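The sequence and its predicted three-dimensional model are supplied below.
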Amino acid sequence: MNRRLLRVGVRLHPDKGMFRVHDLGADPTGIQSPPPPGTELVSVGYDQMWIGSLQDDVEITLLLEEWDAEPPSSPGPWEQEAFSELYLRGAVAVATATGEPVLHGVRLAAGVGRYRLAVRARHRAEIARLYDGLLDRFRDGFNTEFQAALRELQGVEHYLVQLWPVQPPAPPRVISDLPI
């Protein structure tokens, strides 16, 4: 039976409409860095990925989970899902697009290697639409009614990132013990 080894929840601002899940040594401007996701859910490189939000002013909730093997289907409904792989050197980190660390070096039980990832999102489009509606209704962002309505949206946009080690290939089978 597959076991969840780690679960960490955080809130963060998706600066510039995105945030990054990465290996501690990953360079966000390096040759292996993926391009920004635009309206896509994820953009993946060798040891890092960008996860895109459709807005950049409302806090989102992120749950990060490590599993010992592929997790069972996550309860939905999820509006979007993406699956990929990353190389991680025994720890995973989360940062905003401007480089502010959110989670710095969460140690992974499976250690160094390739990891499969499932990224799921809900309320992505809804929060962007509701926030745009707030901006249309209130021209003053410091208005107390605007601030109260904005607080209601904080943390509703939700992301689940599950990762588990890619199983190493089975060792080669010995067909014959005869010398070659």
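That came through fine.

Can you give me every residue that contacts the spatially most central residue of the chain?
The residue lying closest to the centre of the chain (Cα atoms, centre = their mean) is residue 161, at 4.8 Å. Contacts here follow Cβ atoms under 8 Å, 6 or more residues apart in numbering; on that basis residue 161 touches 21, 51, 62, 63, 64, 65, 117, 118, 119. The way it works is simple: take the backbone N, C-alpha and C, and place the C-beta from them, glycine included.

Kindly recompute the last result at 6 Å.
21, 64, 119 (Cβ atoms under 6 Å, 6 or more residues apart in numbering).

any chance of these in TSV, plus neighbour count?
Below are the contacts of residue 161 laid out as TSV (neighbours: other Cβ atoms under 10 Å):
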residue	neighbour count
21	26
64	21
119	21
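
which one of those residues is nearest residue 47?
Of all the contacts of residue 161, residue 21 has the smallest distance to residue 47: 10.1 Å, by Cβ to Cβ.

quick one: the closest one and residue 63, what's the gap?
Counting by Cβ to Cβ, to the nearest Å, the gap from residue 21 to residue 63 is 12 Å.

can you dump the C-alpha coordinates of the longest strand along the chain into PDB?
Counting by DSSP state E, the longest strand found in the chain is strand 101-122. Provided in PDB are the C-alpha atoms of strand 101-122 (Å, rounded to 0.1, in the frame of the first residue of the first chain):
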ATOM      1  CA  PRO A 101      11.700  31.400  -0.300                       C
ATOM      2  CA  VAL A 102       8.500  29.900   1.000                       C
ATOM      3  CA  LEU A 103       9.700  26.400   1.800                       C
ATOM      4  CA  HIS A 104      13.500  26.000   1.900                       C
ATOM      5  CA  GLY A 105      14.900  22.600   1.600                       C
ATOM      6  CA  VAL A 106      12.200  20.100   2.800                       C
ATOM      7  CA  ARG A 107      14.200  16.900   3.000                       C
ATOM      8  CA  LEU A 108      12.800  14.000   1.000                       C
ATOM      9  CA  ALA A 109      12.800  10.500   2.400                       C
ATOM     10  CA  ALA A 110      13.500   8.900  -1.000                       C
ATOM     11  CA  GLY A 111      16.700  11.000  -1.300                       C
ATOM     12  CA  VAL A 112      18.400  11.900  -4.600                       C
ATOM     13  CA  GLY A 113      16.900  11.000  -7.900                       C
ATOM     14  CA  ARG A 114      14.100  11.500 -10.400                       C
ATOM     15  CA  TYR A 115      10.600  12.100  -9.000                       C
ATOM     16  CA  ARG A 116       7.200  11.900 -10.700                       C
ATOM     17  CA  LEU A 117       4.900  14.800 -10.000                       C
ATOM     18  CA  ALA A 118       1.200  15.300 -10.000                       C
ATOM     19  CA  VAL A 119       0.000  18.900  -9.900                       C
ATOM     20  CA  ARG A 120      -3.600  19.600  -9.300                       C
ATOM     21  CA  ALA A 121      -5.400  23.000  -9.100                       C
ATOM     22  CA  ARG A 122      -8.900  24.200  -8.100                       C
END
